[in-house]
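Undergrad: Kindly return the folded structure for what I paste below:
(2 chains)
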Amino acid sequence: MTVLDLAVQTLHAELRESYLETITFRDQITAVIAPESILPAARLLKTSKNLDFNLLAALTAVDYWPENPRFSIVYQFYSMANKAMLGIRVPLPAEKPELDSIDSIYPNANGHEREVFDMFGITFSGSRDLRRILMPWDWEGHPLRKDYPLGEEEIQFSFNFDEINLRKHYARD
Amino acid sequence: MGVEQKLGNMGVITTSLEQMVNWSRTRAMWPMLFGLACCAIEMMVAESADYDMSRFGMELMRASPRQTDLMIVAGRVSRKMAPVLRRLYDQMPSPKWVISMGDCASCGGIFNNYAVVPGVDEIVPVDVYVAGCPPRPEALIHGILTLHDKVSKEKLVQPGK
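TA: Numbers count the residues shown, from 1 in each chain, chains lettered A, B, ... in the order given. Below you'll find the predicted structure:
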């Protein structure tokens, strides 16, 4: 059997009720697991001898507002020795967007988690450094959420030019 | 340069002094390296041999704001860069001028989102806007000549100051 099937089997055996479902598309496999078991799953994937998923290729999030569960964190683990990519999805509800951080196991997860925190507002507990990375440090709001407004400025046409010109705060010396 | 302002408006002497001062200011205005994005490439091309900016005395682009008098904001300014831009503008000694080059620096360009400041004139006061995406080097040089016209009309003694 392939490494991906072996990984799915091992995760199933280890996590039991936390393992929710398997999504298969052509030869890609994504395992959906519950939020409290991401840390044991990541440890298992990295340290187990015949699995050896030693590279965290991607860590992002998707916002499915207004569905519930609202967020879904997507992990992509790659095994360089076995040349296999496994996807893991963790659904999170809107009221409690918190998750354990995996940067004690995969150190490069820190930058990705900071970006997910900045753009979606999902906090990672146990992270060694969680602060905004793309927006200024005192920015309010999380821009990539679906309920964040799209444009920032009203477009000036000739009919509303004068009123916008009065309101716009130009810099003085 | 403070003596003339204290002596006040003395007619002919002040006028020729103004002309001399403005002439010298326009003839060697050193720009600051502030190419942020794609407009920076057009600015570099305007510096180079084909469209020469050194005929205006501007071939010397200083990286340190303390040694420049012109800031050409070339490219889009993101929200994280905005306080840095303001700090560099404050570090320039006066007299100083700002050219906002390109659409993104003038009005936000094609970007209307959380990341780009819509127009650099919310951060620093701008003298000349150059439109284009990116503006051709000739357009930038036209903007610089417009700025030279504006500077040559400046008065030393401001009424009411």
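
Undergrad: which regions of the chain lie under the pLDDT threshold?
TA: No chain in the question, so chain A it is. Counting by pLDDT under 70, chain A contains low-confidence residues at A:173.

Undergrad: actually chain B
TA: The low-confidence ranges in chain B, as defined by pLDDT under 70, are B:1-14, B:157-161.

Undergrad: in it, which spans are helices?
TA: B:2-7, B:12-27, B:39-47, B:82-91, B:103-107, B:137-152 (DSSP state H).

Undergrad: Over to chain A?
TA: Counting by DSSP H, the helices of chain A are A:3-15, A:38-47, A:109-120, A:161-167.

Undergrad: Just the CA atoms from the first one would do, formatted as PDB, please.
TA: Right, helix A:3-15. C-alpha atoms of helix A:3-15 as PDB (Å, rounded to 0.1, in the frame of the first residue of the first chain):
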ATOM      1  CA  VAL A   3       2.500   5.900   2.100                       C
ATOM      2  CA  LEU A   4      -0.700   8.000   2.000                       C
ATOM      3  CA  ASP A   5      -2.900   5.000   2.700                       C
ATOM      4  CA  LEU A   6      -0.600   3.900   5.500                       C
ATOM      5  CA  ALA A   7      -0.700   7.500   6.900                       C
ATOM      6  CA  VAL A   8      -4.500   7.500   6.800                       C
ATOM      7  CA  GLN A   9      -4.600   4.100   8.500                       C
ATOM      8  CA  THR A  10      -2.200   5.100  11.200                       C
ATOM      9  CA  LEU A  11      -4.100   8.400  11.900                       C
ATOM     10  CA  HIS A  12      -7.300   6.500  12.100                       C
ATOM     11  CA  ALA A  13      -5.900   4.000  14.600                       C
ATOM     12  CA  GLU A  14      -4.300   6.800  16.700                       C
ATOM     13  CA  LEU A  15      -7.100   9.300  16.700                       C
END
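
Undergrad: For it, buried residues please.
TA: A:3, A:4, A:7, A:8, A:10, A:11, A:15 (16 or more other C-beta atoms under 10 Å in any protein chain shown). Every C-beta, even on glycine, is put in place using the N, C-alpha and C of the backbone.

Undergrad: what's the answer for stretch B:112-124, then?
TA: B:114, B:116, B:117, B:118, B:119, B:120, B:121, B:122, B:123, B:124.

Undergrad: Need the buried residues of helix A:3-15 in CSV (columns: distance to residue B:18).
TA: Output for these, formatted as CSV (distance: C-beta to C-beta, whole Å):
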residue, distance to residue B:18
A:3, 80
A:4, 79
A:7, 79
A:8, 82
A:10, 83
A:11, 80
A:15, 81
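
Undergrad: Reformat the helices of chain A into TSV and put distance to residue A:153 next to each item.
TA: Shown next, in TSV, are those (distance: least, C-beta to C-beta, whole Å):
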stretch	distance to residue A:153
helix A:3-15	47
helix A:38-47	39
helix A:109-120	20
helix A:161-167	9
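
Undergrad: quick revisit: nearest to residue A:162, of the helices of chain B?
TA: Among the helices of chain B, helix B:103-107 comes nearest to residue A:162, with 15.7 Å by C-beta to C-beta.

Undergrad: what does the closest one rub up against?
TA: A:156, B:37, B:39, B:73-77, B:100, B:109-111, B:116, B:118-121, B:126, B:129-133 (C-beta atoms under 8 Å, 6 or more residues apart in numbering or on different chains).

Undergrad: Point out the most buried one among the helices of chain B.
TA: Greatest average neighbour count among the helices of chain B goes to helix B:103-107 (a mean of 24), per mean count of other C-beta atoms under 10 Å in any protein chain shown.

Undergrad: who in chain A is up against chain B?
TA: A:134-136, A:139, A:141, A:143, A:148, A:150-153, A:155-156, A:168-173 (C-beta under 8 Å from any C-beta of the partner chain).
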